[in-house]
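# output the structure for:
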Amino acid sequence: MKKLSILDKLLFFVNSLLATLLLVSYLGYFISPNIFAFFSFLSLTIPFSIILNLIFIVYWVLKLKKQFLLSTIVLLIGYQYITKFYSLSEKKVLLTEDAKLMSYNVRMFNLYNWIDEENIDQKIFDFIKEKSPDILCIQEFHPSKKLNLNYPYKYVKIRTNQNNFGHAIFSKYKIINSGSLNFSNSSNNAIFVDLIKNNDTIRVYNIHLESLKINPKEETLTQKNSEKLKLRVENAFKKQANQAKLIIQHQEKINHKSIICGDFNNNAFSWVYNQLKKGKNDAFEIAGKGFGTTFYYKFPFRIDFIFTDEKIEVNNYKTYDVKYSDHFPIMARLNFETN
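Purely as a prediction, here's the structure:
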C-alpha cells in the first residue's frame with residue numbers, strides 16, 4: 001500500500017468493500033430466505049458485483065499492481081457464479097429427433113398496451129409459429145387472445161383473480177396427464193404435463209414464481225418507502241422459497257425424467273434457483289452463449305430458465321431478442337433418447 005497514491009488507496013478501499021460484498025453475497029445461494037432473507041437481497045447484487053470486481057482487476061493489472069489478486073481470488077472462489085452469468089460459446093448440435101422446448105412470459109399478450117405498438121399479440125403468434133417449438137410453455141397467458149397456436153395437445157390453467165391470467169402448455173406430443181399446483185395466496189402458479197415421445201414419458205413443469213414487485217424503471221427508492229419495499233421483497237422471497245419446496249415435493253412423486261422451466265422472478269445466484277436445479281442441468285450453462293438476458297432492462301438479468309433432467313441431452317439454447325413483452329423467449333433443443 002505504501003507505493004499506492006492517495007487515489008489508488010481510496011480505490012483499493014472501495015475495491016475491498018466490493019470484493020467483501022461479493023464474497024458474502026455467495027451465501028444467498030445456500031441460505032433459505034425463510035432462515036435469513038438478508039442474503040437473498042445480497043444475491044440480487046451479484047451480477048453488478050462481478051462486473052465491478054472485473055473492472056478493478058483490469059485497472060490493477062494495467063497499473064501492474066498486485067492488488068488485482070483480491071478481486072481475482074474472490075471471483076475464483078465463486079467461479080461457478082461466473083459460468084451462470086456469462087457463457088463463452090454456444091453448443092450447436094441440431095438433430096432431427098431433438099424436441100424444441102420454448103418458455104415465454106408473454107405478459108398477457110400486451111393486453112393493457114404496456115408496449116406502445118400495434119398487434120403485439122399477432123407478432124408473438126407469428127414469432128412462435130416461425131420458431132415452431134414442439135413444447136411451448138407460456139406464463140401470463142390470457143384467454144381473451146384467441147390465437148390459433150394450432151397444437152394438437154394443450155393444458156391451460158387460468159387463476160381466478162382480477163387479471164384473469166394463467167399458464168399454458170402446448171405440445172406436439174401426446175399429453176397423458178396434467179395438473180396445477182395452485183400456489184396459495186398468490187397470483188402466480190405452476191402447472192405440469194406428462195408427455196409421451198417415442199414411448200418415453202417426460203414431465204414438464206411450467207412455473208412462475210412470486211414476483212418481487214420491483215420495477216427498476218419506475219420505482220424510486222426513498223427513505224419513506226424503503227422499509228415498505230424491503231418488507232414487500234422479503235415477503236416475496238419467502239413465498240418463492242415455499243413455492244420452490246412445493247414444486248420439489250411434487251416432483252419427488254414421479255420416477256420419470258422431468259423438466260422445469262419458466263419465469264423464476266429471481267436470478268441464477270438465488271436459493272430458489274439452487275434448490276430447483278438440484279439433479280438437473282441449466283440449459284443455458286450447457287449450450288447457451290453470452291449473458292442470456294431474459295428480462296428487458298439495461299442490465300443483463302437472466303430470470304427465466306430451462307432445467308433438464310441430467311439424462312436429457314441439451315444440444316442448443318437460445319435467447320431471442322424480440323421486444324414483444326418485458327421478457328425474452330428462450331428455447332432449448334433437447335434429446336430425450338440418451339441413457
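# list the residues that contact the closest residue to residue 124 other than its chain neighbours.
Computed as C-beta to C-beta, 6 or more residues apart in numbering, the closest residue to residue 124 that is not its neighbour in sequence is residue 324, at 4.9 Å. The way it works is simple: take the backbone N, C-alpha and C, and place the C-beta from them, glycine included. Taking C-beta atoms under 8 Å, 6 or more residues apart in numbering, we find residue 324 in contact with 106, 110, 115, 120, 123, 124, 127.
# so can I have CSV of the residues you listed showing distance to residue 10?
Shown next, in CSV, are the contacts of residue 324 (distance: C-beta to C-beta, whole Å):
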residue, distance to residue 10
106, 48
110, 48
115, 44
120, 49
123, 50
124, 50
127, 49
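# thinking residue 54 is in contact with residue 72, fair?
No: assessed by C-beta atoms under 8 Å, residue 54 is found out of contact with residue 72, at 9.5 Å.
# neighbour count for these two, which is higher?
residue 72 (17 against 14; other C-beta atoms under 10 Å).
# so what's the residue count around the closest residue to that one other than its chain neighbours?
Closest residue to residue 72 apart from its sequence neighbours, by C-beta to C-beta, 6+ apart: residue 57 at 5.7 Å. Using other C-beta under 10 Å, residue 57 has 19 other residues around it.
# so residue 57 belongs to a strand, correct?
No: assigned with DSSP: H, G, I helix; E, B strand; the rest coil, residue 57 falls outside any strand and is helix.
# residue ranges of the strands in the stretch 151-300 of the chain, please?
153-158, 166-171, 174-180, 189-197, 200-208, 257-263, 280-282 (DSSP state E, counting those that start in this stretch).
# nearest to residue 92, of those?
Smallest distance to residue 92 across those (C-beta to C-beta): 16.9 Å, for strand 280-282.
# what strands flank that closest one, and is each parallel or antiparallel?
Using DSSP bridges, strand 280-282 pairs in its sheet with strand 304-309 (antiparallel).
# and the next element down the chain from the partner strand?
strand 313-319 (DSSP states H and E).
# which elements pack onto that following strand?
Using 3 or more C-beta pairs under 8 Å, 6 or more residues apart in numbering; DSSP states H and E, the elements in contact with strand 313-319 are helix 283-287, strand 330-335.
# show me what the shortest one is packed against.
Read it as helix 283-287. For helix 283-287, the packing partners by 3+ C-beta pairs under 8 Å, 6+ apart come out as strand 304-309, strand 313-319, strand 330-335.
# just give the nearest non-adjacent residue to residue 60, would you?
residue 68 (3.6 Å).
# tell me, how many residues neighbour that neighbour?
18.
# same question, the one 5 residues further on
Using other C-beta under 10 Å, residue 73 has 11 other residues around it.
# now do the contacts for residue 97.
Taking C-beta under 8 Å, 6+ apart, one finds 335, 337 in contact with residue 97.
# now swap in the one 4 residues further on and tell me
Taking C-beta under 8 Å, 6+ apart as the criterion, residue 101 is in contact with 133, 134, 135, 136, 137, 204, 259, 261, 306, 331, 332, 334.
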